[in-house]
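Visitor: fold the following and give me the result.
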Amino acid sequence: MKTKIPGLTFSWKRAIGLTQLKQKIARQTGIPMSKQGVERKIGSTILKILFGK
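Guide: Below is the predicted model of the structure:
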C-alpha cells in the first residue's frame, strides 16, 4: 500500500497483533523470533560450548 505521507506505512501483521504476539513469546522463552536473532542466539551458544564462557 502506497501512501503520500513519507514514513507512514501500514503493516497487516501489526494490525492483527502478530508482531506483539511474537514479541511476547520471544520474551517468555528467551528465544528470538527473527531469523537474524535466532542465528545470533545459536552462534553465541556454540561459542559458549567451545570456549566455556
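
Visitor: and the helices in the protein, which stretches?
Guide: 12-15, 18-29, 35-51 (DSSP state H).

Visitor: got a markdown table for the ones you listed, with mean pLDDT and mean neighbour count too?
Guide: Any C-beta I mention is one placed from the backbone N, CA and C, and that applies to glycine too. Shown next, in a markdown table, are the helices of the chain (pLDDT from 0 to 100; neighbours: other C-beta atoms under 10 Å):
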| stretch | mean pLDDT | mean neighbour count |
| --- | --- | --- |
| helix 12-15 | 86 | 10 |
| helix 18-29 | 92 | 12 |
| helix 35-51 | 93 | 10 |
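
Visitor: now tabulate those helices in CSV and tack on distance to Pro6.
Guide: Output for the helices of the chain, formatted as CSV (distance: least, C-beta to C-beta, whole Å):
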stretch, distance to Pro6
helix 12-15, 19
helix 18-29, 22
helix 35-51, 26
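
Visitor: relative to Ile5, which of these is closest?
Guide: helix 12-15 (16.9 Å; C-beta to C-beta).

Visitor: so what touches the closest one?
Guide: 19-20 (C-beta atoms under 8 Å, 6 or more residues apart in numbering).

Visitor: what does stretch 23-30 give?
Guide: 32-33, 37.

Visitor: try 7 Å
Guide: 32-33 (C-beta atoms under 7 Å, 6 or more residues apart in numbering).

Visitor: again, but for stretch 36-43
Guide: Contacts of stretch 36-43 (C-beta under 7 Å, 6+ apart): 31-32.

Visitor: again, 6 Å this time
Guide: Pro32 (C-beta atoms under 6 Å, 6 or more residues apart in numbering).

Visitor: for it, C-alpha coordinates in PDB please.
Guide: Presented in PDB, the C-alpha positions along stretch 36-43 are these (Å, rounded to 0.1, in the frame of the first residue of the first chain):
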ATOM      1  CA  GLN A  36      18.800 -12.900  12.500                       C
ATOM      2  CA  GLY A  37      18.000 -13.200  16.200                       C
ATOM      3  CA  VAL A  38      17.900 -17.000  16.100                       C
ATOM      4  CA  GLU A  39      21.200 -17.100  14.200                       C
ATOM      5  CA  ARG A  40      22.800 -14.800  16.700                       C
ATOM      6  CA  LYS A  41      21.500 -16.900  19.600                       C
ATOM      7  CA  ILE A  42      22.700 -20.200  18.100                       C
ATOM      8  CA  GLY A  43      26.100 -18.600  17.400                       C
END
